[in-house]
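S.K.: what follows is a predicted protein model with its sequence.
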Amino acid sequence: MKAIILAGEGEQDIEYFGQGKALINFKGKPLIEYTINALTQSEMIDYILVVGNKELLTPYIGNRVDEIINQEKNMLDNLIKGISYFDKNEKILISTCDIPLITSQAVQDFMIKSLNLNADLCYPIIERSICEGNYPDAKRTYASLKEGDFTGGNLIMVNPLKVKSVENHIRLLIKHRKNPLKMTRALGPKIVLQMLLKRLTIEKLEIYIKERFNIEGRALIIPYPEVGSDIDRIEDIEILEKYI
């Protein structure tokens, strides 16, 4: 399967970290290397495409990936550009570049389960107790569903044919990806009310997405908090480095 690593330099990252996240020094390695290692070692990825600053990234990872293409102005445009690089008839694994604790086992397990679901879009979610039990000092944002409190992961498997048709909705979801409540608002008030009352189930959410967007989306509960442990703040680097 093909994989895309989103490694663009966002304005907020440049302002906050002084550089894009991909090349942040994390335990002596560029942050993106941890994602590359996990994808490669999963033995399920046969091609890795990186979307980012090609000139800066090439000296560090040029010999570790199959292709690096220059970024666009935002994450969704980077995603669309990456997807357009491949044959639109095959599913693609998308990953961010800032998940240093990610393992090949987590990647492999998510991919196998996602393929078995045969959905247009599979998104991993992790239960709060698993995150806090493994990484108690890591800060995450959670959404309350009837089944429990969950945070989202940084992998996604997509059917490229469906991405373009729901591009505007995806833009909203990506914009609010760090805030589950705002992300849910992008889906509509009915869903928000059910979530606030803790009556929203994963199944109801999946049905709603299919009815509203004509896309088969599945939320996949996984036991790997590493998939949701990303770098948003300088403090996150200090916290997560303890677990390497």
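M.R.: On my side now, so go ahead. Only a predicted model underlies this, so the values are computations on that prediction, with no experimental measurement involved.
S.K.: could you use CA atoms for every contact and neighbour count after this?
M.R.: Fine.
S.K.: next up, the contacts around the residue most central in space within the chain.
M.R.: Central residue of the chain (Cα atoms, centre = their mean): Asn154, 2.3 Å from the mean position. Asn154 makes contact with 95-96, 99, 124, 227-228, 230 under the criterion Cα atoms under 8 Å, 6 or more residues apart in numbering.
S.K.: could you redo the last one with a cut-off of 6 Å?
M.R.: Residues near Asn154 by Cα atoms under 6 Å, 6 or more residues apart in numbering: 95-96, 227-228.
S.K.: who wins for most neighbours among these?
M.R.: Val227 (28 neighbours; other Cα atoms under 10 Å).
S.K.: now Phe150: closest residue in space, sequence neighbours ignored.
M.R.: Distances taken as Cα to Cα, 6 or more residues apart in numbering place Glu127 nearest to Phe150, at 4.5 Å, with adjacent residues excluded.
S.K.: between the contacts of Asn154, which is closest to Cys131?
M.R.: Gly228 (8.2 Å; Cα to Cα).
S.K.: how about the closest one: what's its closest non-neighbour residue?
M.R.: Per Cα to Cα, 6+ apart, closest to Gly228 is Gly153, 4.1 Å.
S.K.: hmm, Pro225 and that neighbour touching each other?
M.R.: No - with contact defined as Cα atoms under 6 Å, Gly153 does not count as touching Pro225 (8.0 Å).
S.K.: what residues sit buried inside the one helix or strand Thr35 maps to?
M.R.: In this assignment (DSSP states H and E), Thr35 forms part of helix 32-41. Using 16 or more other Cα atoms under 10 Å as the test for burial, helix 32-41 gives 32-36, 38-40.
S.K.: ok and the very next helix or strand once past that helix relative to helix 32-41, angle-wise?
M.R.: The helix or strand immediately downstream of helix 32-41 is strand 47-52, counting by DSSP H and E. With axes from the mean of the first three to the mean of the last three Cα atoms, to 10 degrees applied, the angle from strand 47-52 to helix 32-41 works out at 160 degrees.
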